[in-house]
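Trainee: my questions concern the predicted model and sequence given below.
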Amino acid sequence: MKKSKKIINSMKISFPSLSVNESAARAVVAAFSAQADPTTNELADIKCAVSEAVTNSIVHAYPDTIGEIYISVLILEGRIIKIQIKDKGKGIEDVAKAREPLYTTSPESERSGMGFTVMESFTDKMSVRSKVGKGTTVVLLKALGERKMAE
Amino acid sequence: MEKDLFLSDYNEETNTVSIILCGEIDHHSAVIIRREIDNMLLHTHPKNLIIELYSVDFMDSSGLGLIMGRFSLMQKLGGTTILRNPNERIKKILSLAGMERIIKIERTTEKNEKK
């Protein structure tokens, strides 16, 4: 990545890890990101990626408790959306393994194991920082613009 | 906000359960939908399960888990699963997991859909 870009606008939200908040979280991030004039598809990508990250925090970071989830959204110069989804939950032991398609720690509850794969495919860059016992932070970058559409 | 998550129908003659999924399929709604569909499948033991996706506005990988799970339950019951009318967004997610190679996908509506 190049030098840090100028911040045009920013937003922070936090909410408890109740599954009912999944739809609100992705809708709020999408509504804010809409300022940068994304295409319908780009907006749908953002919604889906955020939904995956928030679901991970709810299901895996706070499996038996309710904890806080923090989201910050930055609209950067050059129509780049930077989204950070952070929890202070269990953390991920092996991030590389967790990122593998179809890998899941909870097949019995029907997790598809595709969360990170979806985030990675629907954004331009994803980074995952995690510490066991401390929590996980996912950063997603979505560059809007005259990209060639996937389909 | 509480809308119907799905509609369901059991046709005794063809031994088919049809599920029309509606609105947003995420982890929150998938848990509820799964419980109710499984109840129905275990009661009726259908030969066919049809999952209609035309009215789905949003789906993430929890929806994949939901579909994969119903597919494997139907396999255990000795039946088949068919997905109907996924939009482009849903197809994109299905193909990330290679689902189109496992589950039959049908299109029964006209091409000029809005979503």
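Mentor: Noted; the coordinates are in hand. Numbering: from 1, shown residues only, chains lettered A, B, ... in the order given.

Trainee: what segments of the chain are helices?
Mentor: If you meant another chain, say so; for now it's chain A. Counting by DSSP state H, chain A has helices at residues A:21-33, A:40-56, A:95-99, A:115-122.

Trainee: was after chain B, sorry
Mentor: B:27-44, B:61-76, B:88-96.

Trainee: contacts for the second one?
Mentor: This means helix B:61-76. A:52, A:55, A:110-115, A:117-118, B:25-27, B:30, B:33-34, B:37-38, B:41, B:46, B:49, B:51, B:56, B:80-81, B:83, B:90, B:93-94, B:96-97, B:99, B:102-103 (C-beta atoms under 8 Å, 6 or more residues apart in numbering or on different chains). (Each C-beta comes from the backbone N, C-alpha and C, glycine too.)

Trainee: just the first one next, same as before
Mentor: Among residues not part of helix B:27-44, those counted as contacts by C-beta under 8 Å, 6+ apart are A:19-20, A:22-23, A:55, A:58-59, A:110, B:5-6, B:8, B:10, B:15, B:17, B:19, B:21, B:23, B:25, B:49, B:60, B:62-63, B:65-66, B:69-70, B:73-74, B:77.

Trainee: do I have it right that A:A24 meets A:S14?
Mentor: No - here A:A24 does not reach A:S14: they are 12.0 Å apart, not a contact under C-beta atoms under 8 Å.

Trainee: neighbour count winner among those two?
Mentor: Per other C-beta atoms under 10 Å in any protein chain shown, whichever of A:A24 and A:S14 has more neighbours is A:A24, with 14 against 11.

Trainee: buried residues in stretch B:63-77, which are they?
Mentor: Of all the residues in stretch B:63-77, those buried under the rule 16 or more other C-beta atoms under 10 Å in any protein chain shown are B:63-71, B:73-74.

Trainee: how far is it from where the chain is centred?
Mentor: Using C-alpha atoms, centre = their mean, to the nearest Å, the mean C-alpha position of stretch B:63-77 is found 9 Å from that of the whole chain.

Trainee: before we move on, what about stretch B:15-25?
Mentor: Distance, centroid of stretch B:15-25 to centroid of chain: 5 Å (C-alpha atoms, centre = their mean).

Trainee: repeat for stretch B:30-39
Mentor: On C-alpha atoms, centre = their mean, the centre of stretch B:30-39 falls 11 Å from that of its chain.

Trainee: circling back: can I get the helices of chain B in a markdown table including mean pLDDT?
Mentor: Shown next, in a markdown table, are these (pLDDT from 0 to 100):
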| stretch | mean pLDDT |
| --- | --- |
| helix B:27-44 | 94 |
| helix B:61-76 | 95 |
| helix B:88-96 | 95 |
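
Trainee: dump the ones you listed to CSV, plus distance to A:V128.
Mentor: Shown next, in CSV, are these (distance: least, C-beta to C-beta, whole Å):
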stretch, distance to A:V128
helix B:27-44, 19
helix B:61-76, 16
helix B:88-96, 18
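
Trainee: who are the neighbours in contact with the most centrally placed residue in chain B?
Mentor: The centre of chain B sits closest to B:I51, judged by C-alpha atoms, centre = their mean, with a distance of 3.3 Å. Listed by C-beta under 8 Å, 6+ apart, the contact set of B:I51 reads B:19, B:21, B:67, B:70, B:81-84.
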